[in-house]
Structures are given as C-alpha cells and as structure tokens.
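Engineer: Predicted model follows, preceded by the sequence.
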2 protein chains.
Amino acid sequence: MSLQYAVLGVLEARPMTGYELTQFFESTARWVWTAPQSQIYPLLTKMAAEGLIAGEEQVRGSRLKRTSYSITDSGLAELRRWLAEPHAEPNVRDAFLLQTLFLDMIPPEEAEAVLRAHVAEIRDRREQWAAHRARLAAADTPLIQERLHRRDPADHARIVNLKTHVFDYLIDSATLRIEWAERAIAIMGVSPAVRH
Amino acid sequence: MSLQYAVLGVLEARPMTGYELTQFFESTARWVWTAPQSQIYPLLTKMAAEGLIAGEEQVRGSRLKRTSYSITDSGLAELRRWLAEPHAEPNVRDAFLLQTLFLDMIPPEEAEAVLRAHVAEIRDRREQWAAHRARLAAADTPLIQERLHRRDPADHARIVNLKTHVFDYLIDSATLRIEWAERAIAIMGVSPAVRH
DNA sequence: CGGGGCATGTAAGGGGTTACATGATTTT
DNA sequence: AAAATCATGTAACCCCTTACATGCCCCG
C-alpha cells in the first residue's frame, strides 16, 4: 500500500485536507503516483484511526466542515521505517510491450499507427514531466517551498537535486521509449528507407 | 484485461493446456507479463465460454484428464482487433521513484543501501532479459520455432527482430534505471568524490 | 512406495477504477 | 440566480496476490 506512504510524504511538507490531497494526487503527484478521490478519503479515515495522521476539523462559512490532516510523530516514524527498507520490484506487466510483441499479426500500416499513437502520448507526458522538473529545479512550487522552509538551508540543494533527479528519470525513460518505438516502426518495415 | 490477449497471443503459436500456460507465464513470459496459476484456469474457462478458445480434453494414463486449448477464428479476430487499437498508457505508479523522492528524510547511509539493493535487483533482471534476448535472436526457443513454422519464411527475420526488439527495450530500460540509481547515490552525497 | 512433477481448482483479501450521490460556498 | 468550485462520501466491479486443497502419474 504505497499510497499511504505517498500521503505521509506529502503531509510531511504541510497539513492538507482530503480535498487538497485529491487535487494533488490527480494533478502534480499524478506524474509519480496517481490516486483518485475515492481512494483518498477512506485511506485518510483509516490512517487517522491508526494514529499516523491527525485530523483537525475546521469550519468554513456557516456550516461547511473540512478536516485538515497533519502527520503525527508516529506517522513520520512509520514513513522513515518504510523509506529505509528495500522493496521488491513489482512484476513486469507492460501492455504496450505485449502489444508490440504480436504486432506482426496485423498489417504493417495498422501496426505503425499504433506505434505512432504511443509515441505521441509519451511525448505529451514527457513535456509535462519536463515542465514540472523545471519548476522543481527553481524551487518554484508551493509545496517544495514549504518543505524546504523547515529544513537546514545547507541541505536545500541536495533535496531539490534529488527531486529533480526523479523527474530526470521519468523524462529519460520517456525518451528511451519514444526512440525505441520509432525503431520498432523501422523494423515493421513500412518505411521504404529501411527496406533499402 | 491484457492477460486475455497475452494468452491469445501465446496460443496463436500452438495449443497449450492450462498447466503449460501457467508454466509459461511464471517463467518466460514473466519478463513481459506475469500471471499466477490462480488467474490462468478461471480465465481459460471464461474464454472458452466466450468462444475465443476451444478446449479439447485429453486423457493421460488411465484417468488423468487435461484440456488442451487452441485459439479459434473468433479468438484470432479478437486478438487482431485488440492489436490494431491504440491503448491509453496506464497511470504512473512507481513505488521506487516514490521512495527516492523522500530519501532525504533518512540518513544517507540507509538511503544508499536502499538504492544499492535496487541496483542489484535490476541487474539480475537485466541478465535474464539478456539471456532470453539471445535465445530469441537465435530463434532458439520451442515456441518461436513453432510460431515461425506456419509463417512465410520471408517474414521470419522481421518477426524475430520485432520480438528481440522488445527485449532490447527491457534491457535498455534496466540499464537506464541502474545508471540513474547510481547517480542518485552520488546526489545523496555519501560518496566523498562528489562532495569534492 | 515415496517424492517430485503434472494438473486443476477455489477462497479471501487488497488495491484500483468508474460511477453515483449530496450539499455548501464562492464567483460570475 | 446560475455555474463553478469546495468538500466528502459510497458502491460495484475488476484484477492481482497469497494461500489452501486435491489427486494422479512417473521415476527411482
């Protein structure tokens, strides 16, 4: 249940409500770990019951209530425990590779269209990762600023570098996949160039 | 439900029993799509009911029964339909990147140990992918031989190239991840070299 | 005759997806 | 006054994981 640790990691920066976490996991965090709203609320209830986070009810307007959750000492300890532990890699389950494996069973033009659609999608993702990487490198997101605020300034560069490095991986892996898919198109033998 | 299409793709090479498919998805195919035995048998029953595959009961010895499943015309058509369709990329959910993102919260030595364990695991996987790639490139697995057998010899090179290309991706992505994790260790600032 | 491989099932539980549902508050 | 946004829930369903369960066949 990694989502739990993603939530703890986010709340380490500052307290948030379920709504804010939902926004976050459907927007920014989406690029490393996605979670829909229907997963967030039950998880917060469960984590609060376990004492990993503490919820404080706030009143907006006259009646509307919202709960702001902050990480507890116990939550921070549990996060640190998880972080220090190596975890087995999940099983490989890549639908796109599976599809490519059998692409010789359909006409080359159709196979090429599938590969091109994939390239377009990965290009989009890469752009968004690159944009976020730039914002992180400049320490220009609200969350990173609040996070750095309570850390030793001597460590700021190291923390920012580590986070941008994660996005570097996402960007580089997208590039690898794009170039790989383009070579796959050549192998399919549609392009006259490779037919020589 | 990609497992269904993985099964169809395998059965296109030759008919197999549930047991053989289980072996296959826990060994060779494991490197692209894993599936445990408990998923295979119910799926085969379901697919046979839908007419995508046809099961033929065989008798081994006096009483032991086993069912050999072959792909039907309808199954082949469904596989081709799926292959020609572009599929949306799944949401990103990478527990290791998540862990790395927060690795500044634990002592550098512990963080380094986590990264090194990861590198070791990916190295193992890369070796096995490379071994399988070599076997594929030489058309030296039983399945690829049976698959090629019923295809136009003019297409053999293209089919083998496409399959080895898939394993090239797995190998290259492992290399990327290893190098990335090693740079992450440098960023953690444990090694005196980077501290200058 | 015992152990390992062949062969097929099922059951419980976790996590994720999609969709439905409700109501208050703020903005236009 | 309507529309957008804030805010929180729930329910059904699918896929996957782990584990338990059963029995036959073949080889040594």
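Structural biologist: Structure received.
Engineer: In chain A, where is pLDDT below threshold?
Structural biologist: For chain A, the stretches flagged by pLDDT under 70 are A:62, A:190-196.
Engineer: Centroid-nearest residue for it?
Structural biologist: Central residue of chain A (C-alpha atoms, centre = their mean): A:Val32, 1.2 Å from the mean position.
Engineer: Need the nearest residue in space to it, chain neighbours excluded.
Structural biologist: Excluding its sequence neighbours, the residue lying closest to A:Val32 (C-beta to C-beta, 6 or more residues apart in numbering or on different chains) is B:Leu97, at 5.3 Å. The way it works is simple: take the backbone N, C-alpha and C, and place the C-beta from them, glycine included.
Engineer: and the helix or strand that contains the one you found with DNA strand D, contact?
Structural biologist: Assigned by DSSP states H and E, B:Leu97 falls within helix B:95-101. No - contact of helix B:95-101 with DNA strand D is not found when judged by C-beta under 7 Å from any atom of the strand; the minimum separation is 12.8 Å.
Engineer: Show me what secondary structure element comes after that helix.
Structural biologist: Immediately after helix B:95-101, counting by DSSP H and E, sits helix B:108-137.
Engineer: What is that following helix packed up against?
Structural biologist: When contacts are defined as 3 or more C-beta pairs under 8 Å, 6 or more residues apart in numbering or on different chains; DSSP states H and E, helix B:108-137 packs onto helix A:73-83, helix B:95-101, helix B:156-188.
Engineer: tell me which residues in that helix are buried?
Structural biologist: Within helix B:108-137, the residues that count as buried by 16 or more other C-beta atoms under 10 Å in any protein chain shown are B:110-115, B:118-119, B:121-122, B:125-126, B:129, B:132-133, B:136.
Engineer: A:Asp172 against B:Thr175, yeah?
Structural biologist: No - A:Asp172 lies out of contact with B:Thr175 (C-beta atoms under 8 Å); the separation is 10.9 Å.
Engineer: higher neighbour count, these two?
Structural biologist: A:Asp172 (17 against 14; other C-beta atoms under 10 Å in any protein chain shown).
Engineer: sorry, back to before: run through who's touching the helix holding B:Leu97.
Structural biologist: Contacts with helix B:95-101, where a contact means C-beta atoms under 8 Å, 6 or more residues apart in numbering or on different chains, come from A:2, A:5-6, A:9, A:32-33, A:82-83, A:87, A:89-90, A:162-163, A:165-166, A:169-170, B:114-115, B:118, B:184.
Engineer: same question, stretch A:163-182
Structural biologist: With C-beta under 8 Å, 6+ apart as the criterion, stretch A:163-182 contacts A:31-32, A:115, A:118-119, A:122-123, A:125-126, A:129-130, A:132-133, A:136-137, A:144, B:92, B:97, B:100-101, B:165, B:168-169, B:172-173, B:176-177, B:180, B:183-184, B:187.
Engineer: before we move on, what about stretch A:14-21?
Structural biologist: Here stretch A:14-21 makes contact (C-beta under 8 Å, 6+ apart) with A:7, A:10, A:24, A:40-41, A:44, A:56, A:66-71, A:143, A:146-147.
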